[in-house]
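[1] okay, predicted coordinates and the sequence, questions at the end:
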2 protein chains.
Amino acid sequence: MPTLSSKGNAMPASPIRKLVPFAENAKKEGKTVYHLNIGQPDIETPKVALDAMHNFDLKVIEYSNSEGIASYRKGLSNYYQKAGIDIKMEDIMITTGGSEALLFAFQTTLNPGEEIIIPEPFYANYNGFAVSSGVKIVPVEASIKDGFALPPIEEFEKLITDKTKGILICNPGNPTGYLYSKDELEKLRDLVKKHDLYFFADEVYREFCYDGAEPHSVMNLEGIDDNIILIDSVSKRYSMCGARIGALISRNKPLMANAMKFAQARLSPPTFGQVASEAALKTPSSYFEEVITEYVERRNILVDGLNKIPGVFCPKPKGAFYCMASLPIKDSDHFCEWILSEFDHNGETVMMAPAGGFYANKALGKNEVRLAYVLNKEALIRSVEILEEALKVYPGRI
Amino acid sequence: MPTLSSKGNAMPASPIRKLVPFAENAKKEGKTVYHLNIGQPDIETPKVALDAMHNFDLKVIEYSNSEGIASYRKGLSNYYQKAGIDIKMEDIMITTGGSEALLFAFQTTLNPGEEIIIPEPFYANYNGFAVSSGVKIVPVEASIKDGFALPPIEEFEKLITDKTKGILICNPGNPTGYLYSKDELEKLRDLVKKHDLYFFADEVYREFCYDGAEPHSVMNLEGIDDNIILIDSVSKRYSMCGARIGALISRNKPLMANAMKFAQARLSPPTFGQVASEAALKTPSSYFEEVITEYVERRNILVDGLNKIPGVFCPKPKGAFYCMASLPIKDSDHFCEWILSEFDHNGETVMMAPAGGFYANKALGKNEVRLAYVLNKEALIRSVEILEEALKVYPGRI
């Protein structure tokens, strides 16, 4: 058998993957499992998007342009303009999910061996795209005690070497839910400008901001037009993760020209998904109001519930639909396995994501878990009860 | 401005891309342009696939499994079994087009600097995936005089070094339309076995075989189960290029396990496209019979017509829907520009793909073009007439 690539061997497996057999087994044993482990919302996709599929009237499912369907790019530009972000159609390339946008961004700007600084905990799949591009992630620790606020800018600056090529943030954040303030973003802007770095920003959760908080886009930071690369996606915004439609956005024209060569090699983003995404731009504002109201209620149930459990601490995030909680345990990998395999409360249990997968520094996050509030309120109330009961009897409790 | 990656700079632009402004300009001037340059069929997508979209009844467009929807993988396994190819569900990973399958195959098996041997002319986008993976393509010349038959196996063997990791073929071939015989494939099998190489086979045109010819899949070659990687796609088979659904297929379990890590990093292939593709498995055989009849008639009109033009030679292919023709010219890049910008016949002209983009050896293919017979018969008859008239007056004719 010929050898496999070193890259393939180095690719990290999904941190949740190893829990899957435990969850499957729990179900086989008749347990109900509440899935707090994934970012797949249960919210319905807007009717206008589904109707675009029902009424799809083309006879040939053709390739679209490699940069995406022109009318959709135009519509997306309007969407940003209305949100106060000046993004022109020519700054936008439609991609196969935010995932491909990130891959194109890395491939277009980073050479193997170069480094990007990312506040941790961070979205675990950034690791995969970094390995795929031969790039090194240099983490800077954000603390649960501060609710995962931006670490002091000096901590970033300390890590800058001649290999540093960029800084990546997710705002609002997965897995933390933290929403960066304008002031925090301007500090990053100044650093990016000083060292002429790329500023990658994953803003796929921008519609999900709570308690009157406003999202600030990196695209509105002045003086670094050529440095900014925005990653966007319809997956969470319209609860259509399966459409696989994202966008790579930059005002840096040579960068977009090179990204276009990667886009041409893979021909085009999905046509059905683009048609649905373009239709989704007509989603009424009442849809988002209802969704936001729902998520705020869910967040409050989950986060307030968690903080009432002795030994548990969970900062209340202002965005996205995740929260990170520290538990009175030593090893969340073990706890998340144990709660699926050895525990139930009235026949029910929960699946959570151990936080280790979101940290590059393997010493961190051992007592933390990520929970997604993508389930209905009753399920969340029960999940908190289950977790409380589990912690009472968990042998590894500290 | 921070520097761009060397990879992004090295990525080849689409060979047809530079002709696009000339074609757009021709249209602005009121010319009709027959597009023989692209592999986008005008054949209608099967009704069963379109109906699956019209009747799509899920309320949330969720991620599918990273390896694809189980029922679709099962259905695809049945499709191969019926075609006499023993492929099990667990050998199949659904990808975002054949493009992603190829990218995963390269990333999983090849280290930067390693080499793959490909008979040329070959599909131009292989270059993009090779650059993307840091891999070197080593071409072996197939001759238009032999209709692009497999070059002597000694020619492959001469090129094998300690960096050679695999051989890639496209069968039936894009851009040649050549269909490899069982004997040719067995010669490659023996070579692959002798040197323990990967055998990548792009068989996306397998349904398009003419004159009673049968496609032979590499999956039916004995003794090299762990070496074979099959690339497939629904794009051409069901005329649904825009669905972006392909498949990576191998019986090599460690390889598929590593490919799965790349698949997880990008979450899932498109849900809509998978639903349409699963429905397309029920396409009646009458659909393919009609399509094959149509393509044979088109091929005969185009190829027979081309061969009647003085100085033109075009082997008659037995598969796919492309042909390569040599013309009495020195520089097909110039000719393809000229025919769009300087020529018309009764207000009409043609767009063709200069063959240079399909050769790694830049000395080859200068007098060749690729033509796709994806237009209706009347358009093809006119295209041949236009080309004949153009060659009569082309200043660069030799």
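    Looks like it came in fine.
[2] give me the element the residue nearest the centre of chain A is part of.
    The residue at the geometric middle of chain A, judged as the C-alpha nearest the mean C-alpha position with Cα atoms, centre = their mean, is A:Asn174 (4.3 Å). Following DSSP states H and E, one finds A:Asn174 outside all helices and strands.
[3] quick check: it touching A:Tyr322?
    Yes - in this structure, A:Asn174 is within contact of A:Tyr322 by Cβ atoms under 8 Å, at 5.6 Å. Where C-beta positions appear, they are placed from N, C-alpha and C, glycine not excepted.
[4] can stretch A:95-102 be said to contact chain B?
    Yes - using Cβ under 8 Å from any Cβ of the partner chain, stretch A:95-102 comes into contact with chain B via A:Thr96, A:Gly97, A:Ser99, A:Glu100.
[5] go on, stretch A:219-237?
    Yes - judged by Cβ under 8 Å from any Cβ, stretch A:219-237 and chain B are in contact via A:Asp226, A:Asn227.
[6] start to end distance for that stretch?
    End-to-end distance for stretch A:219-237, by Cα to Cα, to the nearest Å: 18 Å.
[7] pull out the buried residues from it.
    Taking 16 or more other Cβ atoms under 10 Å in any protein chain shown as the basis for neighbour counts, the residues of stretch A:219-237 that come out buried are A:219, A:221, A:224, A:226-237.
[8] closest one of the residues of stretch A:95-102 next to chain B to B:Glu278?
    For those, the closest approach to B:Glu278 (Cβ to Cβ) belongs to A:Thr96, at 19.2 Å.
[9] pull the number of nearby residues for that closest one.
    By other Cβ atoms under 10 Å in any protein chain shown, the residues close to A:Thr96 number 27.
[10] tell me the contacts of it?
    With contact taken as Cβ atoms under 8 Å, 6 or more residues apart in numbering or on different chains, A:Thr96 is in contact with A:Arg244, A:Ile245, A:Gly246, A:Arg266, A:Pro269, A:Pro270, B:Thr96, B:Arg244, B:Arg266, B:Pro270.
[11] among these, which two are most distant?
    Checked with Cβ to Cβ, those reach their widest spread between A:Ile245 and A:Arg266, with 14.1 Å between them.
[12] looking at the two, which has the bigger crowd around it?
    Between A:Ile245 and A:Arg266, counting by other Cβ under 10 Å, A:Ile245 is the more crowded of the two (33 against 24).
[13] how far away is the residue nearest to the centre of chain A from A:Gly242?
    For A:Asn174, the distance to A:Gly242 (Cβ to Cβ, to the nearest Å) stands at 18 Å.
[14] after the longest helix seen in chain A, next one along is what?
    The helix of greatest length in chain A, counted in residues with DSSP state H as the criterion, is given as helix A:285-308. Next in sequence after helix A:285-308, counting helices and strands by DSSP H and E, comes strand A:322-326.
[15] and the contacts of that next one?
    Under the criterion Cβ under 8 Å, 6+ apart, residues A:39, A:121, A:144, A:148, A:173-177, A:299, A:302-303, A:306, A:312-317, A:355, A:358, A:367-373 lie in contact with strand A:322-326.
[16] circling back to that earlier point, need the residues touching each of A:Asn174 and A:Tyr322.
    Common neighbours of A:Asn174 and A:Tyr322, using Cβ under 8 Å, 6+ apart, are A:Gly39.
[17] check for me that A:Lys381 belongs to a helix.
    For residue A:381 the amino acid is Ile, not Lys. Yes - using DSSP: H, G, I helix; E, B strand; the rest coil, the secondary structure at A:Ile381 is a helix.
[18] show me what contacts the nearest residue to it once chain neighbours are set aside?
    The spatially closest residue to A:Ile381, leaving aside those adjacent along the chain, is A:Ile301, at 6.0 Å (Cβ to Cβ, 6 or more residues apart in numbering or on different chains). Listed by Cβ under 8 Å, 6+ apart, the contact partners of A:Ile301 are A:Tyr373, A:Lys377, A:Leu380, A:Ile381, A:Val384.
[19] what do you get for A:Pro139?
    A:Ile117, A:Ile118, A:Pro119, A:Glu120, A:Phe122, A:Tyr359, A:Ala360, A:Asn361.
[20] in the helix or strand where A:Val384 lies, which residues are buried?
    Counting by DSSP H and E, the element that carries A:Val384 is helix A:377-393. If you call a residue buried by 16+ other Cβ under 10 Å, then helix A:377-393 has these buried ones: A:Ala379, A:Leu380, A:Arg382, A:Ser383, A:Val384, A:Glu385, A:Ile386, A:Leu387, A:Glu388, A:Glu389, A:Ala390, A:Leu391.
[21] can you give me the pLDDT of the third one?
    The one in question is A:Arg382. Turning to A:Arg382, the model gives it a pLDDT of 98.
[22] ok, it - contacts?
    Contacts of A:Arg382 were listed using Cβ under 8 Å, 6+ apart, and they are A:Tyr34, A:Glu348.
[23] same thing with the first one?
    A:Ala379 makes contact with A:Tyr34, according to Cβ under 8 Å, 6+ apart.
[24] related to what we said a few turns ago, ignoring the adjacent residues along the chain, who's closest to the residue nearest to the centre of chain A?
    Residue nearest to A:Asn174 in three dimensions, not counting chain neighbours: A:Tyr123, with 4.9 Å by Cβ to Cβ, 6+ apart.
[25] need the pLDDT of that neighbour.
    Turning to A:Tyr123, the model gives it a pLDDT of 95.
[26] what number of residues lie near it?
    Using other Cβ under 10 Å, A:Tyr123 has 23 other residues around it.
[27] so it sits in a helix?
    No - with three-state DSSP as the criterion, A:Tyr123 is coil rather than part of a helix.
[28] so how far is B:Val384 from it?
    When Cβ to Cβ is applied, the distance between A:Tyr123 and B:Val384 equals 55 Å.
[29] and chain A, what are its domains?
    For chain A, automatic domain parsing gives the domain ranges A:6-44+A:286-393, A:59-280.
[30] just tell me which of these ends up closest to B:Ser181.
    Evaluated over the domains of chain A, closeness to B:Ser181 peaks at domain A:59-280, with 29.6 Å, by Cβ to Cβ.
[31] all helices for the stretch 51-200 of chain A, in order.
    Read by DSSP state H, counting those that start in this stretch, the stretch 51-200 of chain A holds these helices, from start to end of the chain: A:70-82, A:97-109, A:125-133, A:153-159, A:182-195.
[32] does stretch A:124-132 come close to chain B?
    Yes - applying Cβ under 8 Å from any Cβ, one finds stretch A:124-132 touching chain B at A:Asn125, A:Asn127, A:Gly128, A:Phe129, A:Ser132.
[33] near chain B, which residues of the stretch 101-250 of chain A? Just list them.
    If contact is defined as Cβ under 8 Å from any Cβ, the residues of the stretch 101-250 of chain A in contact with chain B are A:103, A:107-112, A:125, A:127-129, A:132, A:134, A:165-166, A:196-198, A:226-227, A:239-244.
[34] wait, I meant the stretch 251-398 of chain A
    Close to chain B, as judged by Cβ under 8 Å from any Cβ, the stretch 251-398 of chain A has residues A:252, A:254-255, A:258-262, A:264-273, A:276.
[35] which of the contacts of A:Pro139 fall within strands?
    Secondary structure assignment by DSSP state E places A:Ile117, A:Ile118, A:Pro119, A:Glu120 of these in strands.
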